[in-house]
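Peer 1: Provide a 3D model corresponding to the input given below.
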Amino acid sequence: MVASRREAARWWMALIALPPLLATALAVNGWRNIEELSRRGEWQVQPVAADQVFAGAGWRLEQARLIGDGRDTKQIFPGQMRLVIIRLSAEAKRDIGEDWGQCQLRLTDGKGHDWTPLDVILSSDLSRDLDPRAEPLPGCSIASLHPPAKGESMLIEEKFVLPADAVPHLAVRLSFASTRPHAISIPLALK
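Peer 2: Residues are numbered from 1 along each chain as shown. Modelled structure (predicted):
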């Protein structure tokens, strides 16, 4: 009988300790998730200035092409879908090293929508289809593996498929793990 009272007391102590332990575990994990969200989010987006250095490089929009409406090429896409190809030039102002890790390049519109680039293989296939003689340019994630040395430049090309009604309001948003929550935005001015 003594052993059963002791067991009952331990069982009740464990039951009483369970809610505070669960609450503590949830709080610790929640705090970690909030920290991770704040590190991955782009909370402070600035328009790029002419002489601005971001992640060790000066950034410039070299080209923005709109394909699918018959103006740039003879290709006309079904419905209201368009292919947008952007080329950014990055001139290294310092040794970049690993500062370009986890490159994130997206297109955004003024309504809060964003589009991620096509995957690497599909992007290379489209490049070869559009110009079979040209060597496909690297995308942001590939370029981040081998950034340019100080004083050198690099072209980055990404392709996006999106609805035609979003085209007039598009901007490129660029960030890296080392710069977040800061990001830069470059308007495209496509029509």
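Peer 1: output the contacting helices and strands for the helix or strand of the chain with the lowest mean pLDDT.
Peer 2: Within the chain, no helix or strand scores below helix 120-130, which has a mean of 78 by mean pLDDT, DSSP states H and E. Secondary-structure packing of helix 120-130 (3 or more CB pairs under 8 Å, 6 or more residues apart in numbering; DSSP states H and E): strand 153-163. The C-beta positions use only the backbone N, C-alpha and C, and glycine is treated the same way.
Peer 1: got a list of contacts for the strand it packs on?
Peer 2: Identification of contacts with strand 153-163 by CB atoms under 8 Å, 6 or more residues apart in numbering yields 62, 80-92, 105, 107, 115-118, 122-123, 126-127, 136-140, 143, 147-148, 170.
Peer 1: try it again with 7 Å
Peer 2: Contacts with strand 153-163, where a contact means CB atoms under 7 Å, 6 or more residues apart in numbering, come from 62, 80-91, 105, 107, 115, 117-118, 123, 126, 137-140, 143, 148.
Peer 1: helices or strands up against the helix or strand hosting residue 12?
Peer 2: Taking DSSP states H and E as the definition, one finds residue 12 inside helix 2-40. If you count contacts as 3 or more CB pairs under 7 Å, 6 or more residues apart in numbering; DSSP states H and E, helix 2-40 packs onto no helix or strand.
Peer 1: ok so, going back, any quick PyMOL command for the buried ones out of the contacts of strand 153-163?
Peer 2: Selection of buried members from the contacts of strand 153-163 for PyMOL, criterion 16 or more other CB atoms under 10 Å:
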select buried, resi 82+83+84+85+86+88+90+91+105+107+115+117+118+123+126+137+138+139+140+143+148
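Peer 1: take the contacts of strand 153-163 and keep only those in helices.
Peer 2: When DSSP state H is applied, the contacts of strand 153-163 are split such that 123, 126, 140, 143 fall in helices.
Peer 1: contacts only, for the residue most central in space within the chain.
Peer 2: Among the residues of the chain, the smallest C-alpha distance to the mean C-alpha position (CA atoms, centre = their mean) belongs to residue 104, namely 2.4 Å. For residue 104, the set of contacting residues under the criterion of CB under 7 Å, 6+ apart consists of residue 175.
Peer 1: identify the bridge partners of it.
Peer 2: Each beta-bridge partner of residue 104 is listed here: residue 175, as defined by DSSP bridges.
Peer 1: hmm, residue 114 is touching residue 108, no?
Peer 2: Yes. Here residue 114 lies in contact with residue 108, judged by CB atoms under 7 Å, at a distance of 4.6 Å.
Peer 1: between these two, which one's more packed in?
Peer 2: Under the criterion of other CB atoms under 10 Å, the comparison of residue 114 against residue 108 puts residue 108 first, with 19 against 16.
Peer 1: any idea how far that one is from residue 85?
Peer 2: For residue 108, the distance to residue 85 (CB to CB, to the nearest Å) stands at 17 Å.
Peer 1: and for residue 185?
Peer 2: Between residue 185 and residue 85 the distance, using CB to CB, works out to 18 Å.
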